[in-house]
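1. Provide a 3D model corresponding to the input given below.
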Amino acid sequence: MTKSTCPIELTKSVSFYGISGKAEIRCKKDCKLFRITSPGYNISRIQFVNLIISTSGVAVVLIPPRSKLVFRNALVKDNIIGISGKYSSDCSIEISNSSFEHNYHKAIRLQCSNLTVQVSTSTFRLSPVSFQNFGYKPHNIKVLFKNTLFDGENTQMCADMFTIRPLAAVVDITIIDSKLRNHYSFSCPHGPFLTLKIQDSKFKAIPRVLTFIFLKDLVVENNFNRYPTVRILSQFSHPTSLRIQDSIFRNNSEALWVSIKSQTMVLENNTFVDNFASLFSLKSAAAVYFDFCITQVLLCRFLDNKAGPNPNTGVVTISQSASVTFTDCYFENRQTSAQSNQVFAFGNEPLYFRGDNTFNLLALKKEQTVFMRVPNGEKFPLGMSINKKFKILCPQGYTLTLQGKYDSNMDQFYYINVQCDRCHTKTYMFERGQLTFNKSNGVQCQQCPRGGNCDSGLITAKPNFWGYKNKMNISFIQCPPGYCCESEDCLTFDSCHGNRSGTLCGQCPEGMSESLFSTQCISNTECSINYIIILGTIAILALYLVFFLYQKEIMNFLRRSLLSKHLSFSGNRQNEQRNNFSTGGNTYSANGIVKIFFYYYQVCNLLRSSVGSRKNSEFIHNFENVISGIMNMILVNVPSFTCPLKDLRAVPKAVVLHSVGYCILVLLCLLHLVGMLILFLRRIKRGGERRLVLQYVESFEQVNSARKSSFSQRVASAFTYISLLMYATSAKLCLSLLHCVPVGDSLVLFLDGNIKCYQTFQYFVFAYMISSILPFCLVPVLGSYLLKVGRIGVKQFCAACIFPLPFCCFWMYLLLKDCRRVNQGTYNMIEQNNEALSQEQCNEQEQITSATDDNRTTSNRGSEASILSVLLGPFRCHQAFMCFPSSHIPWEGFLIFRRLVLIIVLNFVFDIQLRLLVALMVCVAILGFHVSVNPFQRKSDNVLEFLSLSAHVVLCGLTLIKALYYGEDYSAFSNTLSVLNVIENILIVAPLSTIMTVVILCLVVKLAFGLIHSVSVLIRKVRNLVRFTE
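-> Down below sits the predicted model:
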């Protein structure tokens, strides 16, 4: 339509229908599209069905005295005003399934004497709505909105989004199941503008008969104005029913402001969440401001509302003219972006809290007043009445301070001020400050315990510590490595790593299993035993077995391969080495280097700190795990081995990991039995009768004596080596299964805090500890002496390595018995064994004799010499004293004993700092003993051992420093922790890296010399060929 053809005059009832889709009627912006001008008092009924009306100044104008306007399935958009009507006596509008969009000034603006509005299932987008009465006679206004959306689209709208201003005798307003959201008028220069305003006209010439306002199932959210979002003001004292029910007010500026004169208003089952107080009004509240009213607040929830810095503002603010009764309401605050005084009441009107009213403050921005009621100074004020279910809870880490004047006879507070005060730095409070009825629980802040991190009154665990409630306090205990939270920002005092849970985080959830090489919990669906696990386990055991059976050959091969030039004359010095052995001179023996290397990493594994988080690179972490596993005879981390068993728990997992040494010993025994069985079967096969067998045995022994002796020596040497090197792992396993720690009133297993101590399996472990682990330190000492003098044999020594206690008792008896009678034969035997040991170290073989008994003696003596070579070979001689003849220093027993002492200290000293301090003292003492004795024959071995023990002292010292940092609040250490971790990594990685570097350099040099030699040979041949041809 053009300007010349608008507006369309409608003088009688008419209907407009769109067919086959929505038809569109469009007009210029400065035009009125439809004008209803029916004469007289006839009702003009105008319908718009299935149409689009757009781009006009005013879409529909109502002029007649009586009119009814119907919109069904219509779209009214992009108009200045959608529907406008003034000074009509009776207006009726019915809208259903329609939408009003971008009608910038007003979607509907009606001013009628009698007004009836019914809107359902419709939408108003950027389209304000306004209804108003006028006139001087009693009139009615009836407004019903159902399932309607008002959306400001977060675009500035300098108008009230929905306004009802009644001036009528009967007011009936119902808004149900509707949404009002995204209204933004904060930057408008004029105002105030509100989202929903229901406000009586100030003109009171018309008496009010009834006021009925019912709001139900509303969602009012994301509205940002300078003044209240929803304002309800009724100035008449005649019967009034105002009820807001089952509604949500979310993220609004001052969500609700009410003033109902002399009548009762009901707020029931409403939720106010994330609302904030206006900064432009002194009379403000985040959720509800009660100005002039008598109000019942039932079952309402006030969550995370922001009252702001104004001390006279609260989430709920009650003016001096309001009387409010709260029944079964819940206040909660978790936000810390703004202050949150929950209730501020000023005046002398009564305030009631009935039923179960709780103020649950889970967090605050800072210490502040959270509840205040102040009388206005009159002589006889009415008080605040509460019951015994009234509660105010301050956040954890806050104390509660109560100030007030309480009348016990009336059960009323005339004045009350409840304040939550935060605990100071390095203090905490586990129990929350609480006011119940009229009394505070009086809890006070406590000093932060060791292992805890206390900030802002809250207590969390430091890395690798686990806390538990101990009466009114929190106590901490160090976790097994990797069980508990390892970061610097643990969430709680009992945080666990990954999916772990329970006491000391010792358990995986149901349906999950322990990872074999970490503390992760893995689903049982990923756990199974496959052929890769079986083959891998066999390969690992075989590698260990080959190394210890052929350890001497392997070391000699490396020497000859890497340093062949310097050892080219070794054959000419064999006699010199043999003589030097008897005098304690320097001879080459790989035993000393191997022991130093293995013992170094075993002790490093014991001392390695589990306090705090170590943020190593993946390469360093994997490298450390592999080296630690190999040197401690623990299964090495292989991806396919991660979860071999379903429902694997900590105790069975520890047994599986530490069973490598025992499996190797079993394989050695089986290998020895298989060798004996093969020899026996060969004898049976080659002789049918006993006589023939005996004859064959005699001749066969003469031929194979050297081979049998060599194999027996390897088995005996390997058995001794493995028994010594697996001792630390065995002792650590047993002590870990006996290590109990107090948690509250109970003793629990440190390895799995969900297992209480004194279980049946622990008694068996304790028996094994007493009979095997503790007396094993005496086996190398007593066994080496008695083996040299021939009082015991190889089989008895090997049996003593498995069950030391009875054999050690028997050996002590033999040793004391020999003290009284030492004869020349004994000294002869010592000399013979010395000679055998010398021959073993110099790689010389025994002369094969012709007699069977002599051959057996030679074989046994060779095995004894192999064992003695392991026990005594690297160490220097000592003079005879007391019951012990002159021999090599039995230092192996001290090497075992010092590891046992460290394991006991690190397992059974409860306090982490005291534990590491004692361990440091033990390490220093061990270093001092070594310096004073210098037990090794070779000077280079003594130097290497000195460096190894010094590294242990440094590592233990670094661990102690880290324990001090994590146990106490020594913030000055925080910048040096990364440096300490780097030093620890160097101490772990450097030895093996140095050896590998030397090997690689030697190989490069050897290849270079080989290449030079090949080139020189080729040049000589070419020259000879040239000369020959000439």
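2. would you confirm that Ile912 contacts Ala963?
-> Yes. Between Ile912 and Ala963 there is a contact at 5.1 Å, judged by CB atoms under 8 Å. From N, CA and C alone the C-beta is placed, and that goes for glycine too.
3. just give the number of residues close to the nearest residue to Asp200 once chain neighbours are set aside.
-> Take Asp200 and drop its neighbours on the chain: the residue closest to it by CB to CB, 6 or more residues apart in numbering is Gln235, 4.6 Å away. Gln235: 15 surrounding residues under other CB atoms under 10 Å.
4. right, and Gln235 touches Asp291 too?
-> No. Gln235 is beyond contact range of Asp291, at 11.4 Å (criterion: CB under 8 Å).
5. need the overlap of contacts for those two.
-> Residues touching both Gln235 and Asp291 (CB atoms under 8 Å, 6 or more residues apart in numbering): Ser259.
6. how about stretch 141-149 as CSV, C-alpha atoms only?
-> Taking C-alpha atoms only, stretch 141-149 is exported to CSV below (Å, rounded to 0.1, in the frame of the first residue of the first chain):
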residue,chain,number,x,y,z
ILE,A,141,-9.3,-4.9,33.4
LYS,A,142,-8.7,-8.5,32.7
VAL,A,143,-5.4,-9.7,31.3
LEU,A,144,-4.5,-13.3,30.6
PHE,A,145,-1.1,-14.3,29.2
LYS,A,146,-0.4,-18.0,28.7
ASN,A,147,2.7,-19.7,27.2
THR,A,148,4.0,-16.4,25.9
LEU,A,149,7.6,-15.3,25.2
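7. just the mean pLDDT for it, thanks.
-> Averaged over stretch 141-149, pLDDT sits at 95.
8. pull out the buried residues from it.
-> Residues of stretch 141-149 classed as buried: 141-148 (neighbour count, 16 or more other CB atoms under 10 Å).
9. swap in stretch 516-535?
-> Neighbour-count burial for stretch 516-535 flags 516-517, 519-522, 524, 527, 533 (criterion: 16+ other CB under 10 Å).
10. pick the one among those closest to Val674.
-> Of all these, Val674 sits closest to Ile533, with 24.7 Å by CB to CB.
11. give me the pLDDT for that closest one.
-> 74.
12. how about it, phi and psi?
-> Main-chain dihedrals, Ile533, degrees, to the nearest 10: phi -70, psi -40.
13. how deep is Thr155 tucked in, by neighbour count?
-> With other CB under 10 Å as criterion, Thr155 counts 13.
14. ok, which stretches of the stretch 501-650 of the chain are helices?
-> Applying DSSP state H, counting those that start in this stretch to the stretch 501-650 of the chain gives helices spanning 531-549, 551-562, 574-583, 590-607, 618-631, 650-657.
15. between those helices, which gets nearest to Gly308?
-> Evaluated over the helices of the stretch 501-650 of the chain, closeness to Gly308 peaks at helix 618-631, with 49.4 Å, by CB to CB.
16. tell me how far the helix or strand where Ile83 lies lies from the chain's centre.
-> Ile83 is located in strand 81-96, with elements delineated by DSSP states H and E. The chain centre lies 63 Å from the centre of strand 81-96; the measure is CA atoms, centre = their mean, to the nearest Å.
17. now do the contacts for Phe623.
-> Phe623 neighbours (CB under 8 Å, 6+ apart): Val989.
18. next: the one 5 residues further on.
-> Taking CB under 8 Å, 6+ apart as the contact definition, Ser628 lies against 601, 604-605, 608, 634.
19. so which of these sits lowest on pLDDT?
-> Least confident of the contacts of Ser628 in the model: Arg608, at 74.
20. so that one touches Asn985, yeah?
-> No. Counting by CB under 8 Å, Arg608 does not reach Asn985; the two are 10.6 Å apart.
21. so which of the buried residues of stretch 141-149 are in helices?
-> Judged by DSSP state H, the subset of the buried residues of stretch 141-149 located in helices is empty.
22. ok, so of those residues, who is nearest Pro804?
-> Using CB to CB, Asn147 comes nearest to Pro804 of these, at 87.0 Å.
23. report the separation between that closest one and Lys179.
-> From Asn147 across to Lys179, the span is 9 Å (CB to CB, to the nearest Å).
24. same check, this time on Phe764
-> 71 Å.
25. higher neighbour count, those two?
-> Shown here are Phe764 and Lys179; by other CB under 10 Å, Lys179 has more neighbours (17 against 11).
26. didn't that one look like it was pressed against Gly152?
-> No. Look at Lys179 against Gly152 with CB under 8 Å: they stay out of range, at 11.2 Å.
27. so which elements touch the lengthiest helix in the chain?
-> If each helix of the chain is counted by residues according to DSSP H, the longest one is helix 977-1029. Judged by 3 or more CB pairs under 8 Å, 6 or more residues apart in numbering; DSSP states H and E, helix 977-1029 is in contact with helix 551-562, helix 590-607, helix 618-631, helix 939-967.
28. what does the second one rub up against?
-> Outside helix 590-607, the residues that touch it by CB under 8 Å, 6+ apart are 551-552, 555-556, 627-628, 631-632, 721, 724-725, 728-729, 732, 869-870, 873-874, 895, 899, 902-903, 906, 919, 923, 936-938, 941, 944-945, 948, 951-952, 955-956, 959, 987-988, 991.
29. how about a cut-off of 6 Å?
-> Helix 590-607 is touched from outside by 555, 628, 631-632, 725, 728, 873-874, 902, 906, 936, 941, 944-945, 948, 952, 955-956, 959, with contacts defined as CB atoms under 6 Å, 6 or more residues apart in numbering.
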